[in-house]
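**Q** sequence and computational prediction follow.
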Amino acid sequence: MAALKQPTAPAFYKRHLCSVGETQTIMVTATGSTIVICLAACAVLIVCEYRGWKRGKVLLKILASTAFLALALQLDATASVYGQLILVGLGLGWVGDVLLLSQKSRLFLLGLASFLLAHVAYAMAFASLPIASTALAVAFAVMSCLGIAVIAWLWSYLKAFHRAAVMAYVTAIIAMCALAIAISAASGTWQLAAAAVMFAISGIAVARNRFVAPGASNKLWGLPLYYVAQIILASSVSGVQASAG
């Protein structure tokens, strides 16, 4: 009986590389599809906001938020400490999104608390990366001034029990943004800084809608900024793994 012919080394490596390439192609396709789902759900969500379709708002917001959470999992966020912290932040954002669907004050405060913890998780993730100390100091000073300006703008619109919550929330945003900017200055790539700032600006849209001038126009600019920021943050877990590898 003839012996089975073993594949030669070049043939084996070629087959292995093809398998790796196919896996990477499938992964890119899957993550790309998830991003498209997130952005498409966001776009239709804005339409629902203008039309006042409550059931559509609930379903599409949950779909869009689930998509950015799924994106981080597809990119193996659990493989690094940074990724795990980003995943925690995204999960807390998902909870906050669901809670903010309600108009009840208690649920709004719980949603605010969930987003505050999300910012803390993101800040912890950023703190695990190399940071430019000078940029951190400058960014913290600038973001603090902007945060004070936002609080001053909102102050007269806030009830007493909202003021402490909003101040804590703004403080967390200042820390997150300053760290993201310091990381970007150290690395020379500015995606994380852009994501953090977009996330912060989307929070202004939420505050304006809740306390100052309710209306669908707030969602027109707030929702796209929010979801693009979450997509960038979710996608960043693969970059950190690549640099670590």
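**A** Now that the structure is in, tell me what you want to look at. Numbers count the residues shown, from 1 in each chain.
**Q** what's the burial count for the nearest residue to A41 once chain neighbours are set aside?
**A** Distances taken as CB to CB, 6 or more residues apart in numbering place A64 nearest to A41, at 3.7 Å, with adjacent residues excluded. All C-beta atoms are positioned from the backbone trio N, CA, C, and that covers glycine. Neighbourhood size, A64 [other CB atoms under 10 Å]: 25.
**Q** whichever helix or strand A64 is part of - what's its average pLDDT?
**A** For A64, the element it lies in under DSSP states H and E is helix 54-74. Helix 54-74 carries an average pLDDT of 96.
**Q** restrict that helix to CA atoms and write it as PDB.
**A** Output of helix 54-74 as PDB, limited to C-alpha atoms (Å, rounded to 0.1, in the frame of the first residue of the first chain):
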ATOM      1  CA  LYS A  54     -41.800  55.800  20.000                       C
ATOM      2  CA  ARG A  55     -41.600  52.000  19.300                       C
ATOM      3  CA  GLY A  56     -39.200  52.700  16.400                       C
ATOM      4  CA  LYS A  57     -37.000  54.800  18.700                       C
ATOM      5  CA  VAL A  58     -36.800  52.100  21.300                       C
ATOM      6  CA  LEU A  59     -36.000  49.300  18.800                       C
ATOM      7  CA  LEU A  60     -33.500  51.200  16.700                       C
ATOM      8  CA  LYS A  61     -31.600  52.700  19.700                       C
ATOM      9  CA  ILE A  62     -31.200  49.300  21.200                       C
ATOM     10  CA  LEU A  63     -30.100  47.900  17.800                       C
ATOM     11  CA  ALA A  64     -27.600  50.700  17.200                       C
ATOM     12  CA  SER A  65     -26.100  50.400  20.700                       C
ATOM     13  CA  THR A  66     -26.000  46.600  20.600                       C
ATOM     14  CA  ALA A  67     -24.100  46.900  17.300                       C
ATOM     15  CA  PHE A  68     -21.200  48.900  18.900                       C
ATOM     16  CA  LEU A  69     -21.000  46.400  21.700                       C
ATOM     17  CA  ALA A  70     -20.900  43.500  19.300                       C
ATOM     18  CA  LEU A  71     -18.200  45.300  17.300                       C
ATOM     19  CA  ALA A  72     -15.900  45.300  20.300                       C
ATOM     20  CA  LEU A  73     -16.600  41.600  20.900                       C
ATOM     21  CA  GLN A  74     -15.900  40.800  17.300                       C
END
